[in-house]
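Novice: Next comes the sequence, and after it the predicted model I'd like to discuss.
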There are 2 protein chains.
Amino acid sequence: MAHATVRDVARMAGVSVASVSRALNGSTSVRSEMRQRIEAVAQQLGYVPHVGARSLSMARTHTIGVMLPDLHGEFFSELVRGIDREASACGLHLLLSNMHGDLHRASEVMRTMRGRVDGLVVMAPDLDVATLFGGLPATIPAILINGDAGVPGRPALRVNNHAAAVAMVDHLVDTGRRRIVHLTGPMGNVEARDRLRGYRDAIRDHGLTEWVIEGDFSEEAGLAAATELVGRIDQCDALFAANDMMAITAMAAFREAGIAVPDQLAVAGFDDVPLARFVSPPLTTMRVDVSGMGARAVRRLALIINDQADDQELEPRLPTLVVRQTTSLNHQR
Amino acid sequence: MAHATVRDVARMAGVSVASVSRALNGSTSVRSEMRQRIEAVAQQLGYVPHVGARSLSMARTHTIGVMLPDLHGEFFSELVRGIDREASACGLHLLLSNMHGDLHRASEVMRTMRGRVDGLVVMAPDLDVATLFGGLPATIPAILINGDAGVPGRPALRVNNHAAAVAMVDHLVDTGRRRIVHLTGPMGNVEARDRLRGYRDAIRDHGLTEWVIEGDFSEEAGLAAATELVGRIDQCDALFAANDMMAITAMAAFREAGIAVPDQLAVAGFDDVPLARFVSPPLTTMRVDVSGMGARAVRRLALIINDQADDQELEPRLPTLVVRQTTSLNHQR
DNA sequence: CTGTTAGCGCTTTCAT
DNA sequence: ATGAAAGCGCTAACAG
């Protein structure tokens, strides 16, 4: 036999479907005698409300869609963790969807969320968000987590990647480093571009010479950059990678090559993923509070969904410097 | 104005809703002249199908629910990654839900998935799965990822934790270790219990003495255990932790205390999370292929949903030993 | 307080 | 090939 429905319960209890609905949803206007009978029957029939039907009827799914570029690496798992934490605190379910593939496909997927979710959390640092949101009806709430980029009319959580990169370079210079290499993220990524800009501006302000290696946030890029630097190790004294993962793999490669970190070469990352504390030496990095960002996004989205969003501007977040490699070149020379 | 519906499109195109539905879903029996007109109108109206309504009508959501104990740590992010990978390969969406809280609440949440999902992937190593599944209608497909435990009538992906723990102890003994400490997971967790059993059996078989510290898979437990061992460092030569996270934090604490790993004390973990390769020294561990397990679960579930599931027994998986700390006590003494 | 009835937006017989 | 109408399972007016 298939699933019991409200109608089954109603018939068996000898009442109307409306009463069943009322009783089971805790409406006050129902005699307790009747409520008990209905609950008993529901219990006996193993009745479980069909949430999909309810959603259709109430135009509320209590679900938010989460669109991410990828689920690889600690950055995204942290983000999802934060999102999940807050979502369940708000009584919201999470519909996960990562947009492997092109802009067109991603846009299609976003569309497809209609009727499944009450709102969207979107992170798409490497896509053109304007056209990504183009197909989306303006009525569906959405919040963007996207570095400095945004799309008009849509709220966004921002991170001041430029200032953070400047801060990191300043720190490296403060500790005596002068020949600082920057390993970038993929140039299609806004955040990576902003970090690079920050690096360049800071290097220029300090009167130093820039040295940029193009990477893509991947382990392989970290390895490749390290390999390249090993051969010219006497020409540099610090590596500032645009994310932790590349910094960490580079460090592993340096260790392999017998290069002392940070004595010979300081290594810094970006994000402060959990892993950063555990490698040795631990990684100096810019803490973005990724999971907190996910949580804030959800909280904000929940407000929008409930029409309680204040118009308060969302302040761009400045990552904080986390110094874990303490050797300073000034002191040891 | 609200969203355009089939009816809006139908009216504007001067056809029936049925035709709209047929045209937009690629039914063959519709004249191309009409299809074009409908598509044009849909386009113009910015019509996006309401997936929720379609789901209700077709009794298919193309979504699977994922229930996990927690989202903390690399183990779960790896699992979700694998699940996600396979799900999107199968054209399925993912409804994430972690069961913070008691059995009752978890069971409630599972119920609440009815009408939202076509099937469920459940991992609940620390709950009584029998009663967890009690409330769930037998008709809804579900697959369990739960170590050695299972519930009758429900397919499950198994991991042979016992044999794996034995293999690890064997390995440690092979490399000259004799006083092997086991740091357990939480005793409410089946997998943790099975690993402990494996450790005990192996230790006994080798005629050694067991030394068990109770932990709970957390970073703190790893730290606490390490602190305890530092004081008695001359009485042990290996630490076998029930998961990687504890092993890794313990290693960090040992380093802090000036204890040489693995020369003085070998450290081994369980799971082979990505992080295990990057700590130094890298961690010897049992590889579970967590993300692969997630993927297999989804693939299997997809088959069940489509009534294509063969009755083939699901072979319990034996984790593979990954040796990364190579120092053997035999050679150096 | 309870029952009747009309939807929510879509698919799908069943006629035509 | 197309249209009318009957649901999918639920909630919410609107009457009584």
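Specialist: Great, that's in hand. Numbering: from 1, shown residues only, chains lettered A, B, ... in the order given.

Novice: name the element A:Gln44 belongs to?
Specialist: Following DSSP states H and E, one finds A:Gln44 within helix A:32-45.

Novice: Which neighbouring elements make contact with that helix?
Specialist: Contact here means 3 or more CB pairs under 8 Å, 6 or more residues apart in numbering or on different chains; DSSP states H and E; on that basis helix A:32-45 packs against helix A:6-13, helix A:17-24. For every residue, glycine as well, the C-beta is placed using N, CA and C.

Novice: Mind putting the ones you listed into CSV with mean neighbour count and distance to DNA strand D?
Specialist: As requested, the helices and strands packed on helix A:32-45 are arranged in CSV below (neighbours: other CB atoms under 10 Å in any protein chain shown; distance: least, CB to the nearest atom of the strand, whole Å):
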stretch, mean neighbour count, distance to DNA strand D
helix A:6-13, 18, 3
helix A:17-24, 19, 3
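
Novice: Dump those to CSV, plus mean pLDDT and distance to A:Leu208.
Specialist: Shown next, in CSV, are those (pLDDT from 0 to 100; distance: least, CB to CB, whole Å):
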stretch, mean pLDDT, distance to A:Leu208
helix A:6-13, 94, 72
helix A:17-24, 94, 69
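
Novice: Quick one: those helices as TSV, columns for distance to DNA strand C too.
Specialist: Compiled in TSV, the helices and strands packed on helix A:32-45 are given as follows (distance: least, CB to the nearest atom of the strand, whole Å):
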stretch	distance to DNA strand C
helix A:6-13	7
helix A:17-24	3
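
Novice: Which one of those lies nearest to B:Leu303?
Specialist: helix A:6-13 (30.2 Å; CB to CB).

Novice: which helices and strands does the closest one pack with?
Specialist: In terms of contacts (3+ CB pairs under 8 Å, 6+ apart), helix A:6-13 is packed against helix A:17-24, helix A:32-45.

Novice: Could you list the residues in contact with whichever helix or strand comes after the last one?
Specialist: Scanning forward in sequence from helix A:32-45 by DSSP H and E, the next helix or strand is helix A:51-58. Applying CB atoms under 8 Å, 6 or more residues apart in numbering or on different chains, the contact partners of helix A:51-58 are A:61-62, A:115, B:50, B:52-53, B:55-56, B:61, B:112-116.

Novice: Name the nearest of those residues relative to B:Arg154.
Specialist: Using CB to CB, the contacts of helix A:51-58 come closest to B:Arg154 at B:Met113, 14.9 Å.

Novice: got the helices and strands packed on helix A:6-13 as TSV, with distance to A:Thr139 columns?
Specialist: Putting those into TSV (distance: least, CB to CB, whole Å) gives the following:
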stretch	distance to A:Thr139
helix A:17-24	27
helix A:32-45	35
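
Novice: What is the end-to-end distance of stretch A:200-210?
Specialist: 7 Å (CA to CA, to the nearest Å).

Novice: Can you select the buried ones from the contacts of helix A:51-58 in PyMOL?
Specialist: Remark: buried members of the contacts of helix A:51-58, expressed as a PyMOL selection using 16 or more other CB atoms under 10 Å in any protein chain shown:
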select buried, (chain A and resi 61+62+115) or (chain B and resi 50+52+53+55+56+61+112+113+114+115+116)
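
Novice: can you pull out the helices in the stretch 201-333 of chain A?
Specialist: A:219-230, A:244-256, A:290-305, A:329-332 (DSSP state H, counting those that start in this stretch).

Novice: What residues does the stretch 101-250 of chain A have near DNA strand C?
Specialist: When proximity is defined as CB under 7 Å from any atom of the strand, the stretch 101-250 of chain A approaches DNA strand C at A:Gly115.

Novice: and the residue of the stretch 101-250 of chain A nearest DNA strand C?
Specialist: Shortest the stretch 101-250 of chain A-to-DNA strand C distance, computed as CB to the nearest atom of the strand: residue-wise this is A:Gly115, at 6.7 Å.

Novice: Tell me if that residue really is in a strand.
Specialist: No: secondary structure of A:Gly115 (DSSP: H, G, I helix; E, B strand; the rest coil): coil, not part of a strand.

Novice: can I assume it is in contact with B:Thr5?
Specialist: No: if you go by CB atoms under 8 Å, A:Gly115 and B:Thr5 don't touch, sitting 10.6 Å apart.

Novice: overlap in contacts of those two?
Specialist: Common contact partners of A:Gly115 and B:Thr5 (CB under 8 Å, 6+ apart): B:His50.

Novice: what helix or strand does the one residue in the stretch 51-200 of chain A that gets nearest to chain B sit in?
Specialist: Using CB to the nearest CB, A:Ser77 is the residue of the stretch 51-200 of chain A that sits closest to chain B, at 3.1 Å. Secondary structure assigned from DSSP H and E places A:Ser77 in helix A:73-89.

Novice: tell me the contacts of the residue of the stretch 51-200 of chain A closest to chain B?
Specialist: Applying CB under 8 Å, 6+ apart to A:Ser77 gives the contacts A:71, B:71, B:74, B:76-77, B:80-81.

Novice: Quickly name whichever of those is closest to A:Ile38.
Specialist: B:Leu71 (36.8 Å).

Novice: The closest one and B:Phe133, how far apart?
Specialist: Going from B:Leu71 to B:Phe133 by CB to CB, to the nearest Å gives 22 Å.

Novice: same check, this time on A:Leu301
Specialist: For A:Leu301 relative to B:Phe133 (CB to CB), the value is 33 Å.

Novice: Which one of the two is surrounded by more residues?
Specialist: When neighbours are counted by other CB atoms under 10 Å in any protein chain shown, A:Leu301 and B:Phe133 differ, and A:Leu301 comes out ahead with 27 against 22.

Novice: Pretty sure the more buried one sits against A:Ile140.
Specialist: No: between A:Leu301 and A:Ile140 there is no contact under CB under 8 Å: 10.8 Å.

Novice: who touches both of the two?
Specialist: Shared contacts of A:Leu301 and A:Ile140 (CB under 8 Å, 6+ apart): A:119-120.

Novice: Please read off the pLDDT at A:Pro137 from the model.
Specialist: Looking at A:Pro137, its pLDDT is 81.

Novice: what sits against it?
Specialist: Here A:Pro137 is in contact with A:114, B:3, B:46, B:48 (CB under 8 Å, 6+ apart).

Novice: Pick out the most distant pair among those residues.
Specialist: Farthest pair in these, by CB to CB: A:Arg114 and B:Gly46, 10.8 Å.

Novice: Which among the contacts of A:Pro137 count as buried?
Specialist: Buried residues within these, counting neighbours by 16+ other CB under 10 Å: A:114, B:3, B:48.

Novice: need the contact list for the first one.
Specialist: Looking back up the chat, that one is A:Arg114. Counting by CB under 8 Å, 6+ apart, A:Arg114 has contacts A:137, A:140, B:3, B:48-51.

Novice: Tell me which of the helices of the stretch 201-333 of chain A is the most buried.
Specialist: Sort the helices of the stretch 201-333 of chain A by mean neighbour count, taking mean count of other CB atoms under 10 Å in any protein chain shown, and helix A:244-256 sits at the top with a mean of 24.

Novice: Give me the most central residue, chain A.
Specialist: The centroid of chain A falls nearest to A:Leu79 when counting by CA atoms, centre = their mean (3.8 Å).

Novice: what pLDDT does the nearest residue to that one once chain neighbours are set aside get?
Specialist: Once flanking residues are discounted, A:Leu79 sits nearest to A:Gly294: 4.5 Å by CB to CB, 6 or more residues apart in numbering or on different chains. A:Gly294 carries a pLDDT value of 96.
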